[in-house]
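Peer 1: no sequence on this one, just coordinates:
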């Protein structure tokens, strides 16, 4: 599973929101500026995440976005799921009908790698990445 640009933006935004959770809801303008992402594009992405139950949103002067669950209970698969549905593997050589019944030349070897990547997204929590980022900045 290779992440498309929207799924990547979703992960980056969720990490930013998690990092700033103590400040209350995070405004879309602040996220867009910090991530250098177009505001309207990011707003649509965040609203999709809110509809998927990953984020909560509030309107008004003190509104913005917050995680719907604690970072240690929010798997990356939930963050990328609305943009990269689980189980939708792309064929490594680009065949439209590649699968177990009609495999391409790389299918059997690639499917093991793809399964490993899917496990990473299911087993990695947002909190795991926040801890990793903290360790990287301390070094």
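Peer 2: That came in fine, so what should we check first? Keep in mind that what you see is a predicted model, and the values were worked out from it rather than measured.
Peer 1: For stretch 97-116, what is the distance to the chain centroid?
Peer 2: Taking C-alpha atoms, centre = their mean, to the nearest Å, one finds stretch 97-116 lying 24 Å from the centre of the chain it belongs to.
Peer 1: next one: stretch 23-33
Peer 2: 17 Å.
Peer 1: I'd like the mean pLDDT over that stretch, please.
Peer 2: The predicted model gives stretch 23-33 an average pLDDT of 95.
Peer 1: cool, stretch 105-122 as well?
Peer 2: On average, stretch 105-122 scores 88.
Peer 1: And it, what's buried?
Peer 2: By 16 or more other C-beta atoms under 10 Å, the buried positions in stretch 105-122 come out as 107, 110-111, 114, 118, 121. (Each C-beta comes from the backbone N, C-alpha and C, glycine too.)
Peer 1: likewise stretch 77-93?
Peer 2: Within stretch 77-93, the residues that count as buried by 16+ other C-beta under 10 Å are 77-84, 89, 92.
Peer 1: That one: end-to-end distance?
Peer 2: Taking C-alpha to C-alpha, to the nearest Å, stretch 77-93 runs 24 Å from one end to the other.
Peer 1: Need the contact partners of that stretch.
Peer 2: 1-4, 6-7, 10-11, 14, 45, 48-49, 51-54, 98, 104-107, 110-111, 114, 118, 121-122, 126 (C-beta atoms under 8 Å, 6 or more residues apart in numbering).
Peer 1: Report the distance from that stretch to the chain centre.
Peer 2: Mean-position distance between stretch 77-93 and its chain equals 11 Å (C-alpha atoms, centre = their mean).
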